[in-house]
Every structure is written in C-alpha cells, then in structure tokens.
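Trainee: pasting the sequence and the predicted model now:
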Amino acid sequence: MSENTNQFFEQGKAFARMSLGMAKEQVMDGLNPNIALIASRKIPSVAFMPGDIVGPAMSFDGETGEMIAEYETSKEELIEETMRGDFDEENASVVIPVPFMNDKPMWWMTIGMSARVMEAKFISIIADAWTSKEPEKYDRPSDDPNRGEIVNVLTLFFNEEMGLVAAHSLAHEYSRDEDGNPVFEEEIMDNFEQREDDKPLSRLGGPMVDAIVSFLS
C-alpha cells in the first residue's frame, strides 16, 4: 500500500471506537444503531451520487476518532468544501452512511457498490445483535433462551485497488436490568487481522463480507 499503513489502520480503528460509542448511546436510548459508514478516498463525481442530498456526512480526526463536523448538505456543496481544503487529507475523511435495510442481501449490495464508486478506504458496519454463550448448541443465537445482546463494529480496510487487506472487530456485550435498561460488560472485545503476503483473511464476517467484497471488483 502506498499510504502510511500504520496511520491508515489507526485511523480506521479510531473511527470504529467513535462509532461504537455512538452506537451504545443509541442502544441506551432504545434506538437501533444498525448502519454502514463508508470512508472515501475521494469525493466521487456528482454523476455517480444518487439524489440531491448526501448526509448526514461527517469528517473525523484520524488520530483521536473525534468527529470534526456532521451536517446535511447538497452534493455540490460537499464537493466544493472538500476541494477548498476544509478537510485535512491525512487526518480527516468524508464518511457517507448507508442506512440499514431489512433485505440484507440488498443492503450488502448497496454497501459494496457505494464503496466501489466512492473508492472506499474502509467501511465500518455497525450492528446490534443477539449472542450465545453456547453457539454450538443452537443454529442461531436468537434460539438460545439465555442469549445475550451485543453491539459490534466490523471495519473492513481496502487498498487503492479495492482489495481487502485487513479487518477489525470491536464488540461490546450487554445484558438488561430488571427495568429492561442495557448494562454493558466491562470488557470490550477487540480483534484485528491483517493479510500477510498473498494469504487470505479468515472468514471474519462470513457471507456479509463475501457479498460486499464481490461488488468491489
């Protein structure tokens, strides 16, 4: 990769930490945090961006993960602001959301095709899901009567040729108190895997990752 690899990965991890914090706040408020966020290497041509509104778009600091700006704007204004140099190319990125769809294959296709057009450097996929302590006993975590809940941020990193080069997962399990309020565990599970040479990554993310990547070429 021609980019500063360590900075590239740290930027994505910082954004994932920010995203996990925002997702947990939504869960605490009784909201569904499921969404995909695509960080672009460049703002694509207006011709490739559907609709008149892009947003809420955001820029963030790649070192701290803190949001710099969040706004709804026309695509022309977004491009103009970027070209004026209001975004630091090294430490900030424009991020475009892809809202969750109940039709998951359609959602995955939308993420992949949007990422290809935007020349994504990474995609963070945020999901609130069931989890099981005994996954070998149940076909799905939701079948476990003692199932728990988890907020997960899966970040996929891509090189300039849109090849998948690394994956990062942040996951925070939670239970509910007698009033139904979320109570998060102390430990946050943090896993990072980088491709070595030509060896493929393990199947982190399963069919979802396979589907998204299939639309990048």
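Mentor: Ah, there it is.
Trainee: please, which helix or strand holds the nearest residue in space to Thr131 that is not next to it in sequence?
Mentor: Closest residue to Thr131 apart from its sequence neighbours, by Cβ to Cβ, 6 or more residues apart in numbering: Ile150 at 4.4 Å. To be clear about C-beta, it is placed using only N, CA and C from the backbone, and glycine gets the same treatment. Remark: Ile150 resides in strand 148-158, with elements defined by DSSP states H and E.
Trainee: likewise Lys13?
Mentor: Going by DSSP H and E, Lys13 is in helix 5-28.
Trainee: what's the mean pLDDT across that helix?
Mentor: Averaged across helix 5-28, the pLDDT comes to 86.
Trainee: for stretch 145-160, same thing?
Mentor: On average, stretch 145-160 scores 92.
Trainee: give the buried residues for that stretch.
Mentor: Within stretch 145-160, the residues scored as buried using 16 or more other Cβ atoms under 10 Å are 147-159.
Trainee: now for those: which two are most distant?
Mentor: Farthest-apart pair in the buried residues of stretch 145-160 is Arg147 and Asn159; separation 37.3 Å (Cβ to Cβ).
Trainee: can you list the low-confidence ranges for the protein?
Mentor: Applying pLDDT under 70 to the chain flags the ranges 1-4, 42-94, 197-205.
Trainee: quick one, helices of it?
Mentor: Assigned by DSSP state H, the helices in the chain fall at 5-28, 75-83, 104-117, 207-214.
Trainee: select, out of the ones you listed, the one closest to Lys133.
Mentor: Here helix 5-28 is closest among the helices of the chain (Cβ to Cβ), at 19.8 Å.
Trainee: name the nearest residue to Pro182, ignoring sequence neighbours.
Mentor: Tyr174 (4.7 Å).
Trainee: hmm, I typed the wrong one, I wanted Met162.
Mentor: Here the residue nearest Met162, using Cβ to Cβ, 6+ apart, is Leu216, at 4.6 Å.
Trainee: need the contact list for that neighbour.
Mentor: Leu216 makes contacts with 112, 115-116, 158, 162, 164, as judged by Cβ atoms under 8 Å, 6 or more residues apart in numbering.
Trainee: do the same with Glu185
Mentor: Contacts of Glu185 by Cβ under 8 Å, 6+ apart are 172-175.
Trainee: let's go with 10 Å and repeat that
Mentor: 148, 150, 171-175 (Cβ atoms under 10 Å, 6 or more residues apart in numbering).
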